[in-house]
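1. My questions concern the predicted model and sequence given below.
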Amino acid sequence: MPRLSIEVLRSFSNRRPLVPLLLRQARSVGQAYSEYRWLREFVLSLPQFKNSPYNRYQYLKLLCRRRALGVPLQYLLKTQPFGEVDILCAKGALIPRPETEETVFRVFEGLQAQISSKNIPRPEKQLRVLDLCTGPGSISLLAANLLQKSNLPAGFRILGVDVSEKALKLAQRSLEYNVTKNSLQKTTREHVGFLKGDLLTSNRTQLYEKISSFFGLKDDKTLGIVISNPPYISPTGYWKETARSVRLFEPKLALVPLATHNLVSEYQEDLFYPIVEDVAQYFQAKALVLETGGGEQSERVQAMLKTKGWETSIWTDFAGIQRNVVAWQKNSEWKWLREPENDFPVYQFNPEICQNIVQPFTESQVDRAELFTCELCKKQEEDIARANEERAKAEIEAEALLERTR
Amino acid sequence: MIRPQWVCRHCLSRIRPVWFLRPLAAQNIVKREFHASVRSSQQDEDLFLNESLLKRAKQLSTEHDTLEKQLIESFDTRVAARAGHLRPVSEALKQYEEAVENLELLRSMAEDTNSPLSSMAADDIPPTIDSIRSTSAALTTALVPRNQFASYPCTIEIRPGTGGSEATLFTNDLYKMYSSFFSLLRWQTNIISYQTHNEVGGEGCSELVMTVSTPESYDLLRHEAGVHRVQRVPATESKGRTHTSTATVMVLPKLGEDEGDFEHGTDEDPLAQLDMKEVRVDVMRASGAGGQHVNRTESAIRMTHMPTGIVVSIQDSRSQHKNRATAMTILKAKVAEKRRKEKEEEALSMRRGVVKVGAGRSDKIRTYNYTQNRVTDHRSGESNHDLPRFMNGEGIGAMIEGVKEWDMQRSVEVMLAMQEMEDEKKKQQQQQKK
């Protein structure tokens, strides 16, 4: 991590005295500026400070101080954009992550693309989506947003299940919030539901009954897709790998699977995957999408699913980590989930042109990215410099000419 | 100094070599003077259109006729659109040819002094000449391909050039000027990025990007792209010296995804088509496990168009999804702009045999002189002597119209160059066949 020079810090003290506070968490100038801008926009949009700039500034200062202590920005701003929906964030529920967002887009936009290109027939039955460990309802709400756009003839129904009552209340509020914001249709109130249920109990018949009654299942217990982002961090990884802000402010319940007496496996972080698979088997789901911590965990989950008779594939996320394990029943129409070409692609590029541009876009590069000028702009700057030189020359010549004529 | 003679503008625009026009126009030496109504037959050549221009017009009108025949047999929207574009050309050509025939007839009658009709014919010559002039002008405008993005809304980017903090102050002035101009026109604008810096002399702006959502706005505003120069005593100056600084304005068409049929010469928009395999999308990420392990707020997206090396990086919104969409539109516009430039330059360099085109971004296009209370456009040579009102958005419209006229002449050159290029290619092909 590069240290910031004293000049950089001093330059803030006059213009934006609050930015250095944000630097503690953001760790780069560009990101700190962005966070400051978002906080400022948020405070400006609050009606209670409309006529009192002093209080507004005090509140902004308060927010910046809390951010400096490590409170996630999403908790301070109370929302996190997730695709086209906004998910409400508050203590007691996991903040939706961009990796999950990418997964949901890939599943449901992929489905839409498959239907419109007529690779698979238009589903005649209602599409049923079960979102296990939904947390603040992010997957369910974004899925609803994407499915309402694709105009399925028989409609869709989405159920989010979670053990935390706090998170479920937040999810319900998020739903209402998005309906009033018009990013979700009013009918989603009927199509999307949230249910309290504990997956870790040994006897899940009650939960199964509740799920069947929500979907109106009688004899045919078929679901379309089960999608889940369960807690997947190991107890040791919790202390080693997670960010401090995550440990301090986000619920451990949503991050680390709790070992119970009857369910102890070799890898505690994998605790949820067999259970989710079990639920999917019970409801004869045609497809299963799981988010994992990546790498070896994905491989373990894939091996587990293969022994249970699923066809599986692993998806890579934008950071190149094996983020998702997808599985589908043999010979079902969901076999398009395999498509590897949607993975973060490897590009062929012309090294002569793209010498300095194509570098990994990582944290340490933020400041450089901010100062980055594109080829066109560079050319433009060169042109301007050249024009200036020419102008200077012409002026000198003109002056010389004038003197000569005198 | 050498003072050139007054030359008629119309004559200039017809026959003069290309290099002759621009410096004269830029120095505001060319003034409008109307032709004497009767002219000797020696000057006739000026009256008629350039041969290659006529050839082009004839080609297009024959194409129009064949398309019309096709349409009678079977209707196709694409063919109909193309025919619609060509219709004014063929109509103008017919009128022009009629007028030329009339003139010849009248002249032969007037020469025949024995005939009683000769005096009447002589009287009729001047109006016929006028009509030739007007129809040929109409034909030129019909022939000049409309800018293919003309019907689009646009994005404006203003950035300070040379001149340090004074340049940022001027950039802010330009932004205010344009925004009041748009509000006078009642055009809808949307500011995408407006980065301010508090300078000594007031608010400075280091970058401004805004979109104008009114359709056809690109057609007008594309003439504003270039380097704007300011000459004034800056607020930061203590000794009262005049400084010269610049700001660059970039105007790009805003290409949506759903805009359909394309203008003159192209069936669809070929320039803004990007192969997604050639676009590298980078998402900013922290190193490490990612996922549930971190709750970072980075949402920056960087897109690189591999073949051209154009890079767009956006980190405005908290939503990665939104940033991605913005980056895509900007990238599309930039790539299309670059491709169009390349195409035009290729044609022009072919014609002149010289690579340097001139009117690219490098030249200053306008000077704002505060001490003389004057704004001068270096392309049309027009000046406005009420700077405060100009900076309030009044009078820009008239200035842009002047530039538009100048641009029309330039596009005729481009078109001729294209025509010659095609002809040469055909010749080469024929030679190869032989």
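-> Thanks, I have the structure now. Residues are numbered from 1 along each chain as shown, chains lettered A, B, ... in the order given.
2. can you tell me if stretch A:276-288 touches chain B.
-> No: using C-beta under 8 Å from any C-beta of the partner chain, stretch A:276-288 stays clear of chain B, coming no nearer than 15.7 Å. No exception for glycine: its C-beta is placed from N, CA and C like everyone else's.
3. Need the single longest helix in the chain, by residues.
-> Going with chain A. As assigned by DSSP state H, the longest helix anywhere in chain A is helix A:375-405.
4. that's the wrong chain, I meant chain B
-> helix B:396-433.
5. Show me what counts as buried in that helix.
-> B:396, B:399-400, B:402-403, B:406-407, B:409-412, B:414-419 (16 or more other C-beta atoms under 10 Å in any protein chain shown).
6. and what of stretch A:13-25?
-> Applying 16+ other C-beta under 10 Å to stretch A:13-25 flags A:16, A:18, A:19, A:20, A:21, A:22, A:23, A:25 as buried.
7. show me what contacts the second one?
-> If I follow you right, that is residue A:18. A:36, A:60, A:61, A:64 (C-beta atoms under 8 Å, 6 or more residues apart in numbering or on different chains).
8. can you confirm the third one is in a helix?
-> I take that to be residue A:61. Yes: judged by DSSP: H, G, I helix; E, B strand; the rest coil, residue A:61 forms part of a helix.
9. Once you drop chain neighbours, what's closest to it?
-> Nearest non-adjacent residue to residue A:61, counting by C-beta to C-beta, 6 or more residues apart in numbering or on different chains: residue A:18, 6.3 Å away.
10. Is the nearest residue to residue A:292 once chain neighbours are set aside part of a helix or strand, or is it coil?
-> Leaving aside its chain neighbours, residue A:292 sits nearest to residue A:298 (4.8 Å; criterion: C-beta to C-beta, 6+ apart). Under the three-state scheme (three-state DSSP), residue A:298 adopts helix.
11. And residue A:298, how far from chain B?
-> 11 Å (C-beta to the nearest C-beta, to the nearest Å).
12. mind saving the C-alpha coords of stretch A:91-100 as CSV?
-> Provided in CSV are the C-alpha atoms of stretch A:91-100 (Å, rounded to 0.1, in the frame of the first residue of the first chain):
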residue,chain,number,x,y,z
LYS,A,91,-27.1,-3.5,10.7
GLY,A,92,-28.1,-7.1,11.0
ALA,A,93,-28.1,-7.9,7.3
LEU,A,94,-25.4,-8.7,4.8
ILE,A,95,-24.6,-6.0,2.3
PRO,A,96,-25.2,-7.3,-1.3
ARG,A,97,-21.9,-7.8,-3.1
PRO,A,98,-21.2,-7.1,-6.8
GLU,A,99,-20.2,-10.7,-7.4
THR,A,100,-23.7,-11.8,-6.5
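13. outside of that stretch, which residues touch it?
-> By C-beta under 8 Å, 6+ apart, the surrounding residues in contact with stretch A:91-100 are A:72, A:74-75, A:80, A:82, A:87, A:89, A:135-136, A:138-139, A:164, A:166-167, A:170-171, A:229, A:249-251, A:254-255, A:291, A:317-319, A:323, B:283, B:290-292, B:295, B:299, B:320.
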